[in-house]
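Participant: Next come a sequence and a model predicted from it.
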Amino acid sequence: MSKSIVEKKLVEVELPNKLFIDILYLNYLLRIKHASIIEETDDCIQTDYLCGGLWSKKKRLYGFTFYPNMEPDDFTWHFEITKNQIKQIANGKTDRIGLWKCKNTACNHYYAKEDDHCDFCNPKKV
């Protein structure tokens, strides 16, 4: 059985203020070398809008889920970000990140990778 995946397109997304503030917090954790940001984990860092952690120490790659409306069942952004990207955003060098968005215009979810599964467009059958 093959699964049908809705095509996605790569888009540059401007960071909402609440995500920008959370990234400033991540930058602060990096500066003080807090254990929550230097140890590999998938959910050690949690704020009102953000949940995630360091996925790969070797690649310095972090993975997060952003909940713009603080509701887990509402639309979400799943994204990966490097230590350098966190610093660039915190230092005002950029206010955007590249994310994958379903071509389905009714879908408001964003993803780190083109082949990430979208529960909105491709619900899992129970």
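Facilitator: Now that the structure is in, tell me what you want to look at.

Participant: Correct me if wrong: residue 116 contacts residue 99.
Facilitator: No: between residue 116 and residue 99 no contact is recorded; they are 9.9 Å apart, counting by CB atoms under 8 Å. C-beta here means a position set from N, CA and C on the backbone, and glycine is covered the same way.

Participant: neighbour count winner among these two?
Facilitator: residue 99 (22 against 15; other CB atoms under 10 Å).

Participant: Spell out the secondary structure type for that one.
Facilitator: strand (DSSP: H, G, I helix; E, B strand; the rest coil).

Participant: what sits against the nearest residue to residue 66 once chain neighbours are set aside?
Facilitator: Distances taken as CB to CB, 6 or more residues apart in numbering place residue 77 nearest to residue 66, at 4.0 Å, with adjacent residues excluded. Applying CB atoms under 8 Å, 6 or more residues apart in numbering, we find residue 77 in contact with 13, 19, 65, 66, 68, 99, 109, 110, 111.
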